[in-house]
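> predicted model, plus sequence, below.
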Amino acid sequence: MDIKQRKILSYALYGFFLGLFFPIAATAAELINLNLRFSWSALREIHQFHPVMLIIDVIPVALAASFALIGIQSARFLETSSQLDEQLNTQASTIENEQYFLEALIASTSFAVVRLDTKHHIITCNQAFEDLFGYKREEIAGKHLDDMIASADFLAEAAQITNTVSGGKLARIVSQRKRKDGSLVDVEIVGVPVTAGGRNIGVLGLYHDISDRKRAEQALMESEARFKSLFNESPTSLWEEDFSEVKRILEKIGDKEQIIEQLNKDYALVMECTQAVKVLDINQATVDLYNATSKDDLMQSLSEILVIESMEEFKQELIALINGESFYEGEIYQKKLTGELIYGWLRLYVPPGYEDSWERVHISIVDITDRKEAEEKLRFMSFHDVLTGLYNRAYFEEELARLDGGRQYPVSIIACDLDGLKQINDQFGHHAGDQALKGAAKALGLHTFRKEDVVARIGGDEFIVILPRVDLDLNPSSLERIKNGITQYNNSNLDDDLYRPISMSMGYAVVHEGNSLEDGYKNADRAMYVDKTRKKAK
């Protein structure tokens, strides 16, 4: 039996026993009145002549029932009261725990926290607040917060925060506050109104020291300013570009091997990627390099600086990026907006943090046109005869080595020698001899040879012609072209200051696969001397 049932039973018994008083008292009064002794027959006689006694006899039961109802109500009241007590105890425990948690949080947080009353007077603060502002909590307890940490320059701002929080709104601001020693500290301030039952009971002030962040921001701003200054003032062409769209295009193709294979065989894909590059910024040196009038002028004309040769280099850049490289350099060939072709040395760099997205790619281009032209000139001079402009002996020997063992047989070699050079020099001077040599070179070139043919001056008066895949034994037309060229040169009356007439002795040899080209040259040279001897004999 639970407490509620016992409570109801006790009330019912109490009512029953209280109700017994009435039938007992009424019976006793009737017995005395009738002068009867207590017996069952006397009780029966009383109840027969007085029916009201029957009603009185029911009173214990009625009171028992009535008191049982009272017991039920009492049990319900006690149960409700117990529940309320339990809820109150739970709420009190929760509030107490929350207070402990709040106090632990305030004590352990790196934020400087101060508790204020509704008038903005300090109740207490945490250790972080003491460390930040240099005050002990005993020093500032009961004092107005703004008087303690707001300097004269920030009093109006502090008052505005106070008004905002007093109005029940959260306030947040980045500003400066004063330490005990008078120095200012950069802080992020958060004012939190604290309410209970819809009533404002105080304020929590939170202060976060952002001095390091401000210094970092300032350093970053200065760094960006220096970078921009260096970027804009650099004498080297600098580009900042976004390759992210290029990356999306390439990733649709498949894995790395598939992308590289597609790039190598699909020129249209390379062109699509060039158009997907987004140029974010260029410096003044870039504008000057391409002879543009302004950044906007160049940005709107980027397609005009590309030539076919540019595509191959751009493809190599993409392959390097696909292979995970963040640095690439190579030679590029482009065009200025004025139409002049330029050579450049390109360096591509993906800064840290953008290796996966390609959203930032830095490119520098150094104009190497002058150097390239100088190299080409040096290369030309190293393989060409200065006087005649024909290939020289070094190139002739290199070409023999290249053709030796190749697949361009048969190879015909024609040895030519300018007749009478010594007599021309002796009779008319070396200038005339030089003009005769130039004339011989011109005569050899009057009937153009094929691109793969080589015409060279290999000595003082010696010339050589190499004809890959030509058998002069079967087709002597090349010899006839040379002879016709000499005749046409001698018969021309151009005022070119060249010596006329000239004569050349010639001999040739045909080298077939398996034979030595060097021996072929010697055989052609011997045949030429045979021709020269024959002429002298005449």
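Alright, I've got the coordinates.
> any low-confidence regions in the protein?
1-2, 48-49, 88, 90-108, 446-448 (pLDDT under 70).
> which stretch of helix or strand covers the residue most central in space within it?
In the chain, the centroid-proximal residue (Cα atoms, centre = their mean) is Tyr354; its distance is 2.8 Å. In this structure, Tyr354 sits in neither a helix nor a strand according to DSSP states H and E.
> the chain should start at 38 in everything you say after this.
Sure, I'll start counting at 38 from here, so that last one is Tyr391.
> go ahead and confirm it touches Arg397.
Yes: at 4.3 Å, Tyr391 and Arg397 qualify as touching, with contact defined as Cβ atoms under 8 Å. No exception for glycine: its C-beta is placed from N, CA and C like everyone else's.
> ok, Ile159 - contacts?
For Ile159, the contacting residues are Val151, Arg152, Leu153, Arg174, Ile177, Ala178, Gly179, Lys180, His181, Leu182, Met185, by Cβ atoms under 8 Å, 6 or more residues apart in numbering.
> just the closest of these to Pro447, please.
Closest to Pro447 out of the contacts of Ile159 is Val151 (101.9 Å), distances taken as Cβ to Cβ.
> pull out the buried residues from stretch 467-474.
Neighbour counts over stretch 467-474 (16 or more other Cβ atoms under 10 Å) mark Ala469, Gly470, Asp471, Gln472, Ala473, Leu474 as buried.
> and the furthest pair within these?
Largest separation among these by Cβ to Cβ: Ala469 and Leu474, giving 9.9 Å.
> intersection of neighbour lists for these two?
Common neighbours of Ala469 and Leu474 (Cβ under 8 Å, 6+ apart) do not exist.
> quick one, what contacts Gly557?
Applying Cβ under 8 Å, 6+ apart, we find Gly557 in contact with Val448, Ile450, Ala546, Val547, Val548.
> can you flag the buried ones in the residues you listed?
For those, a neighbour count by 16+ other Cβ under 10 Å gives the buried set as Val448, Ile450, Ala546, Val547, Val548.
> out of the buried residues of stretch 467-474, which is nearest to Cys310?
Nearest member of the buried residues of stretch 467-474 to Cys310, counting by Cβ to Cβ, is Leu474, at 52.6 Å.
> what residues are up against the closest one?
Neighbouring residues of Leu474 by Cβ under 8 Å, 6+ apart: Leu424, Thr425, Leu455, Leu458, Arg494, Asp498.
> quick one: which of these sit in strands?
Taking DSSP state E as the definition of strands, those contribute Leu455, Arg494.
> neighbour-wise, which of the contacts of Leu474 leads?
Highest neighbour count within these, by other Cβ atoms under 10 Å: Arg494, with 26 neighbours.
> give me the distance between that residue and Lys479.
Distance of Arg494 to Lys479, computed by Cβ to Cβ, to the nearest Å: 12 Å.
> swap in Gln120?
Distance from Gln120 to Lys479, by Cβ to Cβ: 122 Å.
> the two: which is more packed in?
Between Gln120 and Lys479, counting by other Cβ under 10 Å, Lys479 is the more crowded of the two (21 against 10).
> that one touches Leu535, doesn't it?
Yes: using Cβ under 8 Å, Lys479 is in contact with Leu535, at 6.8 Å.
> once you drop chain neighbours, what's closest to Leu535?
Among residues not flanking Leu535 along the chain, Gly476 sits closest, at 4.2 Å (Cβ to Cβ, 6 or more residues apart in numbering).
> now do the contacts for the one you found.
Taking Cβ under 8 Å, 6+ apart, we find Gly476 in contact with Tyr526, Leu535, Tyr536, Arg537, Ile539.
> is Ile539 in a helix, a strand, or coil?
What DSSP: H, G, I helix; E, B strand; the rest coil gives for Ile539 is coil.
> isn't it right up against Asn528?
No: Ile539 is beyond contact range of Asn528, at 11.8 Å (criterion: Cβ under 8 Å).
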